[in-house]
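Asks: The amino acid sequence is not available; the structure is as follows:
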């Protein structure tokens, strides 16, 4: 019954979503609303645009201090305490580690192989040693399997090869011989041996093979010793997980560290089962990370980064800071699943993006350009100038010390050239980071910018190294970018080009336009964008000042802007959790829901990042996924997230009347700002069903079943979260 109601409600809500124009979502004109409602509408709008939506009590708090005052505080996050969030993030140790520390504690495949091959020593620390032991054992096992497959391949090819016709007996003869042998075998072992001997002497090899297969068909296949040992270890691990759950956390942890490497491998696999979370309960952060790292070391880094992003969006008091950090990360996108970026991305977001999210654009641009995460993602760390010392094979040192090179080193025709100019960063720098695709640059400019940034590389990226300028990789000589002559200055050439791009009028317009698209509309008013451009240029790219111009503009507060922006999946999930006042104990399942909605965190592979426009996210499949998430969330079916639907309905217990429950939740989840079409659609679905064909004799008397049935508060909450009004901000 519940599923049927949800499907019908989904159809009606999707229909109303598709038909309703944004301006219809505002129920009344300001002149028709009671005193104070206009200020409430401003507060709702500010919370939806500067934050990931309101939480219970946020609306009242903003109205108490004043909307303008609240906006000013959000523009200065350093004035806002965020201690509650910091307590939630405390268990995630990787957030406080350098990239180098992360690599040492959560190694990648390359480092594990180095330890296995003896090129790097096994750690002496018991926890780190356990992680390495398991990973080395797994790597050896994979290598052995590859060798076995390689060795079996020629044998399989020989077996599959056709035999010469002279050696192949007729099918009838083979079948006859096999039948005779089977009959002889059934009569007596001796006769079977005689038949085998006769076949051998006659040279009937094929029949002999068939007979051997027939004689062994009923015998069980021999069990490989290694496989038997693995099965034994897995059984041991399953039993240990069951047995050790009842021990104190410290004793559990010590027991795991005392296992053999094979037992630890099986134990790590066993943790993936239902007992995994229970086993980890009570362990301190380092102990928990160690056990999880036995399974997949670098997955620990990614999981903690993903959880931190969601928890910040949901619980941070510095909401605008989180919105802008997300905005700039998407603008300067880096894909997390590209090699070393799994380790480099945490510091990229925390040390490069976040501290500069409301600062000067040029500072942010330079920081991203020198970030190991960006250098690795767009391959600039491998870019070598065609005429550089490295490309020409000129050695770094002479017999008496470092060589002195002229500005234009003479090529050695016999040297092995190592050129490899990479234009990825040069192109994205102008197209996506600064000027825009229509910014007036040419392919020659892309090539010249790429030459400028040769030598901007990373010191051992797979070991978590930082930025390094290598003059031997740098293309010598002058460059010409956008009509400007760039003198040979080594690393300073890059700084000069970044300054040129950061202060370009085209960049001021592009950044202002993107900010207006995020906070106002997919197609923002040109007059607003131009005012933001003037502020950008006057204040030398001060992001806080540009946002202040935006937030105090009439276009930002216009009726047409109210609930006119479609939420991205991240905005929708975060706002739904915030609106319900949910308690998040494990954010990974929420991240899984985002994957289903097409927006895995840090998972945008192209440098364009995720779109902010409605056209990307509005389709029947996307709306269905959102509705399913909303219903699962309010029904308590999202693991790791607790929602009290009865409390949202005004309980406990919830009101006995469905209409009253709906009205109460409309106020709590949407500040009573629900269209008549949405209200009627939900009310029609939650009304008590009539039992056709069994009308009571006294039609005035209510049916006992209807009277006894309480409204489904969780479903009502879920339908409201899936409504067109909540989908928009």
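Replies: Nice, I can see it. What you see is a predicted model; the values in this text were computed from it and never measured.

Asks: Tell me where the model's unsure across the chain.
Replies: For the chain, applying pLDDT under 70 flags the ranges 1-37, 155-238, 240, 272-275, 396-419, 688-710.

Asks: Show me how the record splits the chain into domains.
Replies: Under the assignment automatic domain parsing, the domains of the chain span 2-26+565-690+700-727, 93-145+225-306, 316-394+415-503, 507-560.

Asks: Quick check: residue 530 is in a helix.
Replies: Yes. Assigned with DSSP: H, G, I helix; E, B strand; the rest coil, residue 530 falls within a helix.

Asks: Now do the helix or strand where residue 506 lies: which elements does it pack against?
Replies: Here residue 506 sits within helix 505-519, counting by DSSP states H and E. Under the contact definition 3 or more C-beta pairs under 8 Å, 6 or more residues apart in numbering; DSSP states H and E, helix 505-519 sits against helix 319-331, helix 526-538, helix 543-551. Glycine gets a C-beta too; all of them are placed from N, C-alpha and C.

Asks: Mind putting those into a markdown table with distance to residue 512 and mean neighbour count?
Replies: A markdown table is the format used below for the helices and strands packed on helix 505-519 (distance: least, C-beta to C-beta, whole Å; neighbours: other C-beta atoms under 10 Å):
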| stretch | distance to residue 512 | mean neighbour count |
| --- | --- | --- |
| helix 319-331 | 13 | 23 |
| helix 526-538 | 4 | 17 |
| helix 543-551 | 6 | 20 |
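
Asks: Enumerate every residue touching residue 299.
Replies: residue 292 (C-beta atoms under 8 Å, 6 or more residues apart in numbering).

Asks: if you set the cut-off to 6 Å instead, what comes out?
Replies: The contact partners of residue 299, by C-beta atoms under 6 Å, 6 or more residues apart in numbering, come to none.

Asks: cool, and the one 3 residues further on?
Replies: Listed by C-beta under 6 Å, 6+ apart, the contact set of residue 302 reads residue 342.

Asks: Using the three-state scheme, assign it.
Replies: Judged by three-state DSSP, the three-state class of residue 302 is helix.

Asks: thinking again about what came up before, contact partners of the helix holding residue 506?
Replies: Contacts for helix 505-519 (C-beta under 6 Å, 6+ apart): 49, 327, 434-436, 439, 501, 524, 528-529, 532-533, 536-537, 550, 612.

Asks: farthest-separated two in those residues?
Replies: The largest separation in the contacts of helix 505-519, counting by C-beta to C-beta, is between 49 and 501 at 28.5 Å.

Asks: how much space between residue 542 and residue 84?
Replies: Look at residue 542 and residue 84: by C-beta to C-beta, to the nearest Å, they are 30 Å apart.

Asks: out of these two, which sits in the more crowded spot?
Replies: When neighbours are counted by other C-beta atoms under 10 Å, residue 542 comes out ahead of the other of residue 542 and residue 84, with 17 against 10.

Asks: Name the residues linked to that one by a beta bridge.
Replies: Residue 542 has these beta-bridge partners by DSSP bridges: residue 360.

Asks: Make 19 the first number, not 1, from now on.
Replies: From this message on, residue numbering opens at 19, which makes the last subject residue 560.

Asks: At which residues are the strands of the stretch 469-618 of the chain located?
Replies: Listed in chain order, the strands of the stretch 469-618 of the chain (DSSP state E, counting those that start in this stretch) span 474-476, 485-487, 497-499, 502-504, 601-602.

Asks: Just say which of those is most tucked in.
Replies: strand 474-476 (a mean of 23; mean count of other C-beta atoms under 10 Å).

Asks: what distance separates it from the centre of its chain?
Replies: Mean C-alpha position of strand 474-476 versus that of the full chain (C-alpha atoms, centre = their mean, to the nearest Å) differs by 26 Å.

Asks: and if you look at stretch 369-377?
Replies: Distance of stretch 369-377 from the chain centroid (C-alpha atoms, centre = their mean) equals 20 Å.

Asks: still on that earlier bit, of all the helices and strands packed on helix 523-537, which one comes closest to residue 685?
Replies: helix 337-349 (21.8 Å).
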